[in-house]
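[1] task: produce atomic coordinates for the following.
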Amino acid sequence: MFDNSEYPASMTEENIQEGQTRDNIKLRRSDQHMKRVDPSFTDKPTSTFYLSPAKELCVLSENPGYRISSFIEDVGQCWYVTGQTQGQGVTIYVIDDAFAIHHMDFQNINWRTEDQIFSDPGDSLPDRDAINNIEIKDRAIKTVHGTAVLSKVVGIYGGVAKKATTVLVKVSSRELKTNSWMIVLCLEKIVSDIETRMRKAQENGLKIPNFIVLGTYGIPSRSGPRPELPRVVLTQRHEIAMKKLTNMPNVAFVAAAGNIKTELRADGSKDTRTYNMYEIHKHVSPDSYPAIFGKHKNTYPNLIVVGGVNNQGQLAFLTANYVKIAAPAVEITVAYPALGRSWGGTQADYYINSGTSFAAPAVAGVLATLISTYDYDMQTAITKLYSLAYTRGPKPPPGLTPSILFPSVTYNGFGLTKDSEAIPRMQSRALALLGKKAQSRAASVPTSSPMSPLTLKTLCARCRQADGQQAIEGVVWIPDDCPCDHKNRWRG
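    As a prediction, the model looks like this:
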């Protein structure tokens with residue numbers, strides 16, 4: 001999460017330098033589709049398959065009875081299955097300080113200043129050439145969080161709702177200074193923008209669209225940022241905006257629970273260590289807005305507060321009895337402003353970060369996908385979102401309710417089952433590399449030992465032997481595309 005005064009520890013320059021950069025990130029997209037296999041649905045939309053190195057994506061489509069990603073971990077990739085629509089027709093408002101919109105992860109998006117929301121009337125989207133950007137020290141640091149969150153919504157590498165329409169809500173001045181009032185002012189602008197879009201749809205005889213507001217910000221519940229204005233004024237205006245948004249029948253507000261953690265203690269016993277870990281966590285509930293609005297479900301009915309889990313599905317950050325759903329939030333691969341450029345750069349830099357700020361976009365993306373795939377109204381989609389979620393990880397210790405230590409993790413309903421037809425071949429061309437080492441704040445930390453280079457002859461032989469069924473160093477080749485000399489095809 002980001003707050004009104006300073007970035008949390010995970011966003012400091014020091015920690016960014018320590019973060020891991022994912023080199024040579026590859027993405028494959030299948031041109032084949034198959035029928036959705038979750039029996040809980042009555043219709044049969046088509047699915048899109050990805051062979052992805054991002055396990056946090058694959059978790060979202062793991063059928064509870066068929067954990068398919070575990071079968072291919074030996075090649076460092078897993079199957080991610082999602083709806084073909086991927087949020088198309090749903091508008092997602094992404095609230096943050098700033099965004100490096102020219103990062104390669106967003107190269108397929110045509111950004112227009114007039115489509116976005118700014119707290120500063122004189123602000124605009126950053127120019128690709130950065131000529132009109134105000135040059136201030138460490139400007140790029142201010143775009144890190146927003147860029148990372150945005151990449152989990154519509155990014156090429158790890159976006160969950162790639163076809164959704166995004167509205168960037170920049171809650172900072174042109175000089176990238178921010179406070180809680182800017183956030184609240186932008187929430188009021190979101191209300192106005194949604195009302196305008198709904199009115200235009202009605203005037204033109206169109207279906208009322210669905211909107212998701214993604215809030216990974218945190219306004220402290222204890223003190224105000226501007227002493228000259230009473231705290232009560234800020235709180236009241238925040239409450240009014242949130243009530244309007246979360247009571248609109250076609251709007252959902254997805255909020256991050258927060259990341260504050262206390263020191264974990266345990267008595268050394270293997271059986272009780274995880275239990276004691278939760279005992280510490282359960283006394284540390286969300287302490288900032290908008291997450292704590294979740295206490296009042298009747299007042300804010302369409303507010304979804306999202307918790308975070310680690311790679312084993314175990315609770316990792318703040319929680320409360322009103323945090324009903326979670327998503328992967330530990331060691332998540334996100335976009336990073338290339339070479340430290342605030343406007344984004346045209347190279348594909350990625351790094352590893354953790355926090356519920358990266359879980360909330362996943363839930364928002366799954367919600368958008370459910371809406372676009374099944375034409376659900378918002379209430380039905382939210383109900384389905386909660387009903388599909390299930391716990392991950394091992395069986396908890398005796399006497400511990402599974403949902404306490406292992407909360408329900410979002411599931412998009414597109415997972416494969418043992419009774420489904422075979423996974424289709426990947427009929428995509430070999431991917432170009434998207435990854436490149438960050439040369440500024442994000443230090444390069446190899447995630448695995450580099451493989452020895454292949455000779456063309458060896459690669460040809462392995463490619464033909466794989467016959468399009470297995471990955472070769474992360475790439476599944478179409479047999480006709482194997483890099484073989486057509487005059488002398490090596491047989492190995």
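[2] domain parsing for the protein?
    2-21+88-368, 455-492 (automatic domain parsing).
[3] by mean pLDDT, show me the worst of the ones you listed.
    Mean pLDDT values for the domains of the chain show the minimum at domain 455-492, a mean of 58.
[4] partners of residue 63 in the sheet?
    Beta-bridge pairing for residue 63 (DSSP bridges): residue 66.
[5] do you know how far it is from residue 313?
    14 Å (Cβ to Cβ, to the nearest Å). No exception for glycine: its C-beta is placed from N, CA and C like everyone else's.
[6] look at these two and report which has more neighbours.
    Using other Cβ atoms under 10 Å as the criterion, residue 63 and residue 313 rank with residue 313 on top: 22 against 19.
[7] list the residues that contact the more buried one.
    Counting by Cβ atoms under 8 Å, 6 or more residues apart in numbering, residue 313 makes contact with 59, 391-393, 406, 409.
[8] grab the nearest non-local neighbour of it.
    Nearest residue to residue 313 in three dimensions, chain neighbours excluded: residue 392, at 2.7 Å (Cβ to Cβ, 6 or more residues apart in numbering).
[9] got the contact list for that neighbour?
    Residue 392 neighbours (Cβ under 8 Å, 6+ apart): 59, 62, 309, 312-313, 406, 409.
[10] swap in 10 Å and give it another go.
    Residue 392 makes contacts with 59, 62, 64, 67, 309-314, 326, 328, 402, 406-409, 411, as judged by Cβ atoms under 10 Å, 6 or more residues apart in numbering.
[11] what is the longest helix of the protein by residue count?
    Longest helix in the chain by number of residues (criterion: DSSP state H): helix 180-203.
[12] immediately after the helix or strand where residue 240 lies, which helix or strand?
    Using DSSP states H and E, residue 240 falls within helix 231-247. Downstream of helix 231-247, the first helix or strand assigned by DSSP H and E is strand 251-256.
[13] what segments of the stretch 51-200 of the chain are helices?
    Assigned by DSSP state H, counting those that start in this stretch, the helices in the stretch 51-200 of the chain fall at 55-60, 141-154, 180-203.
[14] tell me which of those helices sits nearest to residue 462.
    The minimum distance between residue 462 and the helices of the stretch 51-200 of the chain falls on helix 55-60, with 24.6 Å, by Cβ to Cβ.
[15] who are the packing partners of the closest one?
    When contacts are defined as 3 or more Cβ pairs under 10 Å, 6 or more residues apart in numbering; DSSP states H and E, helix 55-60 sits against strand 47-52, strand 78-83, strand 325-328, strand 332-336, helix 360-374.
[16] residue 305 is in contact with residue 254, correct?
    Yes. Using Cβ atoms under 10 Å, residue 254 is in contact with residue 305, at 8.3 Å.
[17] intersection of neighbour lists for these two?
    Joint contacts of residue 254 and residue 305 (Cβ under 10 Å, 6+ apart) are 215, 290, 325, 360, 363.
[18] dump these to CSV, plus distance to residue 258 and neighbour count.
    Below are those laid out as CSV (distance: Cβ to Cβ, whole Å; neighbours: other Cβ atoms under 10 Å):
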residue, distance to residue 258, neighbour count
215, 11, 30
290, 10, 29
325, 15, 25
360, 10, 31
363, 15, 29
